[in-house]
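[1] Here's my sequence, what's the structure:
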Amino acid sequence: MAITRQVITSLQRDGTDALGTRTVAMKIVDESIVSGSLLTVESNHFCILKSRGAVLNVYETGQYALQTPDKPLVGSVVQGFFGGSSPWVYEVIYINRSKLLVRNEGVATSAEMAEMSYVVDYYIHIDSKEEALDLITHMPFAGAVIDTKEIADYAGPAIEQAINQIIQITKMENVNERISDVREAVKAHLTDFLKVYGIMLNDLKVLIMPRDERMRELISLQAIGLTPIESVRYYLALRMADKGLVSAPNAAAGVPFHIGGQPTGFYPLGDEVGATR
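    Have a look, this model is predicted:
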């Protein structure tokens, strides 16, 4: 255990925030944290002080002198009775209060069992000290940080269930007409799910599209007013044009393409074809 006091902060040496835009919570475990150490909490953070699993205090913005049960002057003596390790190990956990962007991606199936890809983007934030405590109580640390990817992993099943409840009974061509229903269902499920972890849900956006690239292009062609048959014809023509085939316009117009003259009609018979011999 260190006898000298230290300053604990989430700012790095270059002045940047260690939590950034992807980290929800960051844990600092340091045996050199002693009573009297200065704890700095930035305006966009909460800070929780724990010792041996118990929460000692929750701090808002400001700088605080830590008051802990240990006595720095006798700490080195007591440390000897514990085999060289300190019995007073404190955890400082910074919680990010900023709005953070989270993304979930997955696949759902339509009423025809066609695969539909979905992308859900949403913003989250921690609003109060009580919610900061809910976060560290219900979401364990797998390492030194909890980032937005872990939030997405937790929320993935809830989002998938909400989307499938509507998409599985909707035909693929009608999915976009029900995008508002899907958004409201995802928002309701996700709000309830994240609330357990003390996380507030803000803005949410849902995008659903056919997983197959060809199907996406065909639906795009229908969106400009073409019938399903015309869409297939134009799609074929576009692919032919990409290959440099001169018959691509014929495919788009649905008319045959002939090499040379027309094969049908009236042609004079003469010496050229040997009909007079």
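
[2] can you tell me how far residue 214 sits from residue 61?
    Relative to residue 61, residue 214 is positioned 54 Å away (criterion: Cβ to Cβ, to the nearest Å). To be clear about C-beta, it is placed using only N, CA and C from the backbone, and glycine gets the same treatment.

[3] Those two: who's more crowded?
    Ranked by neighbour count (other Cβ atoms under 10 Å), residue 214 and residue 61 place residue 61 first, with 13 against 10.

[4] Verify the stated contact: that one with residue 45.
    Yes. Counting by Cβ atoms under 8 Å, residue 61 sits close enough to residue 45 to count as a contact (7.4 Å).

[5] burial count for the nearest residue to residue 98 once chain neighbours are set aside?
    Of all residues not flanking residue 98 in the chain, residue 44 sits nearest, at 4.7 Å (Cβ to Cβ, 6 or more residues apart in numbering). Under the neighbour criterion other Cβ under 10 Å, residue 44 is assigned a count of 16.

[6] residues touching residue 44, list them.
    Residue 44 makes contact with 17, 96, 97, 98 under the criterion Cβ atoms under 8 Å, 6 or more residues apart in numbering.

[7] again, but for residue 136
    Here residue 136 is in contact with 25, 48, 93, 95 (Cβ under 8 Å, 6+ apart).

[8] so after the host helix or strand of it, what's the next helix or strand?
    Assigning secondary structure by DSSP states H and E places residue 136 in helix 129-138. With elements assigned by DSSP H and E, the helix or strand that comes after helix 129-138 is strand 145-147.

[9] by contact count, what packs against that next one?
    Of the remaining helices and strands, those touching strand 145-147 by 3 or more Cβ pairs under 8 Å, 6 or more residues apart in numbering; DSSP states H and E are strand 23-30.

[10] Number of residues surrounding residue 223?
    Counted with other Cβ under 10 Å, the burial measure for residue 223 works out to 10 neighbours.

[11] Apologies, that question was intended for residue 19.
    Under the neighbour criterion other Cβ under 10 Å, residue 19 is assigned a count of 23.

[12] Without its sequence neighbours, what residue ends up closest to it?
    Distances taken as Cβ to Cβ, 6+ apart put residue 96 closest to residue 19, at 4.7 Å, once the chain neighbours are dropped.

[13] tell me the contacts of that neighbour?
    The contact partners of residue 96, by Cβ under 8 Å, 6+ apart, come to 19, 23, 24, 25, 44, 45, 126.

[14] if we can go back for a sec, which of the contacts of residue 136 sits closest to residue 206?
    Comparing these against residue 206 with Cβ to Cβ places residue 25 closest, at 26.6 Å.

[15] my guess is the closest one meets residue 145, correct?
    Yes. Under the contact definition of Cβ under 8 Å, residue 25 touches residue 145, with a separation of 6.6 Å.

[16] ok, these two, which is more surrounded?
    Counted by other Cβ under 10 Å, residue 25 and residue 145 do not tie: residue 25 has more neighbours, with 23 against 18.

[17] Helices of the stretch 1-150 of the chain, start to end?
    Ranges of helices within the stretch 1-150 of the chain are 72-81, 129-138, 148-167, based on DSSP state H, counting those that start in this stretch.

[18] Between the ones you listed, which one is closest to residue 191.
    Distances from residue 191 to each of the helices of the stretch 1-150 of the chain were compared using Cβ to Cβ; the minimum, 9.8 Å, belongs to helix 148-167.
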